[in-house]
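# What follows is a protein structure lacking sequence information:
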């Protein structure tokens, strides 16, 4: 067998490629190298919650994971709500989370988890090849970041070496007749179990819960700023432009059973963002005027 010299063979191949294939625009070459996010998932393992971002193509050129005081949407600069007592921001440079038609390639932009530490993950930006997410956590904890290949993954491990106890959160059950609630179990961190249950309520149902017909009727509340418990009365201070719109079922119908599961709470008084409630004094339930049912 006659062996061709290496240099002539390379030259021939190169010549053929140049003759057959037109030169690609620089933008197309760059686009081909941009990783595309195809999945976001999380699970609990011994002593940690693992959050995984899976990409099609190479790993993002740069990953940045840090605690922030709040989340800001890329482009608009508007704040983005996320349920959690601590917020972790995860950013990927030179990465996309959408296809050519602008549709998300990784699933829901906001998702809730029933894990000891990870409460919620929300997308806050997918603009000019910068992809950003926020993770709401039950507590600020140490974390570590690593990468894996085949397929390309960025893994964020949240150390959850603390004790949790089960508590219930009550959501609107749309599968039955008429407005009613259904309970789901969530892990909460003692001793602040009532606040933990309320946090899980405002995080909303998981994807599996939604498949069962559970929904969170927020009544335009974006969360709560404070919860106090004294003399059998829980006082909840809501944030956002709270309004029931005259509905027969409001956020109050979910807050009350979520808090009254605890023996120390007999009555629940709910305040709007301006600090108003119908009956601030005395042993009774109370809602702000904006949540009162209209005749």
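Looks like it arrived, so ask away. Here the structure is a predicted model, which means the values were calculated and not measured.
# Between the two ends of stretch 276-286, what distance do you get?
This stretch, stretch 276-286, spans 10 Å end to end (C-alpha to C-alpha, to the nearest Å).
# meant to ask about stretch 183-198, not that
13 Å.
# cool, and stretch 148-157?
Across stretch 148-157, first to last residue, C-alpha to C-alpha, it's 13 Å.
# Tell me the spatial nearest neighbour of residue 273, not counting adjacent residues.
Once flanking residues are discounted, residue 273 sits nearest to residue 239: 5.5 Å by C-beta to C-beta, 6 or more residues apart in numbering. (C-beta placed from N, C-alpha, C; glycine too.)
# In contact with that neighbour, which residues?
Residues counted as contacts of residue 239 (C-beta atoms under 8 Å, 6 or more residues apart in numbering) are 221-225, 273.
# per-residue confidence at residue 25?
pLDDT for residue 25: 49.
# Where does pLDDT dip in the protein?
Residues of the chain that meet the criterion pLDDT under 70 lie in 1-32, 294-295.
# Roughly how far does the residue nearest the centre of it sit from residue 42?
Note on the chain: the residue nearest the mean C-alpha position is residue 121, at 2.1 Å, using C-alpha atoms, centre = their mean. Computed as C-beta to C-beta, to the nearest Å, the residue 121 to residue 42 distance reads 7 Å.
# Residues that sit against both of the two, list them.
Residues touching both residue 121 and residue 42 (C-beta under 8 Å, 6+ apart): 51, 113.
# Neighbours of the spatially closest residue to residue 108 that is not a sequence neighbour, how many?
Here the nearest residue to residue 108 in space, its sequence neighbours aside, is residue 207; by C-beta to C-beta, 6+ apart that works out to 7.1 Å. Residue 207 has 11 neighbours, counted by other C-beta atoms under 10 Å.
# now residue 221
26.
# Hmm, it is touching residue 254, no?
No: contact criterion C-beta atoms under 8 Å: residue 221 and residue 254 do not qualify, at 10.3 Å.
# in the stretch 151-295 of the chain, which spans are strands?
152-159, 165-173, 181-188, 214-215, 223-230, 233-239, 267-271 (DSSP state E, counting those that start in this stretch).
# got the ones you listed as JSON lines, with distance to residue 79 columns?
Compiled in JSON lines, the strands of the stretch 151-295 of the chain are given as follows (distance: least, C-beta to C-beta, whole Å):
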{"stretch": "strand 152-159", "distance to residue 79": "22"}
{"stretch": "strand 165-173", "distance to residue 79": "24"}
{"stretch": "strand 181-188", "distance to residue 79": "25"}
{"stretch": "strand 214-215", "distance to residue 79": "24"}
{"stretch": "strand 223-230", "distance to residue 79": "11"}
{"stretch": "strand 233-239", "distance to residue 79": "11"}
{"stretch": "strand 267-271", "distance to residue 79": "21"}
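# So for residue 88, which of those strands sits nearest?
strand 152-159 (7.5 Å; C-beta to C-beta).
# Can you spell out which helices and strands pack onto the closest one?
Packing partners of strand 152-159 (3 or more C-beta pairs under 8 Å, 6 or more residues apart in numbering; DSSP states H and E): strand 48-56, strand 86-93, strand 143-148.
# That strand pairs with which strands, parallel or anti?
strand 48-56 (antiparallel), strand 143-148 (antiparallel) (DSSP bridges).
# distance between it and the chain's centre?
Offset of strand 152-159 from its chain centre (C-alpha atoms, centre = their mean, to the nearest Å): 15 Å.
# Report the inter-axis angle for that strand versus strand 86-93.
Strand 152-159 runs at 160 degrees relative to strand 86-93, counting by axes from the mean of the first three to the mean of the last three C-alpha atoms, to 10 degrees.
# Buried residues in the strand or helix carrying residue 42, which are they?
Assigned by DSSP states H and E, residue 42 falls within strand 36-45. For strand 36-45, the neighbour count (16 or more other C-beta atoms under 10 Å) marks 36-38, 40, 42, 44 as buried.
# From the chain's centroid, how far away is that strand?
12 Å.
# What of stretch 249-265?
The chain centroid and the centroid of stretch 249-265 are separated by 23 Å, computed with C-alpha atoms, centre = their mean.
# Now do it: distance from first to last residue.
The first and final residues of stretch 249-265 sit 22 Å from each other (C-alpha to C-alpha).
# what residues does it touch?
167-172, 179, 181, 183, 193-194, 197-198, 201, 216-219, 221, 229, 232-234, 236, 238, 242, 244, 266, 268, 270, 285, 287, 291, 293.
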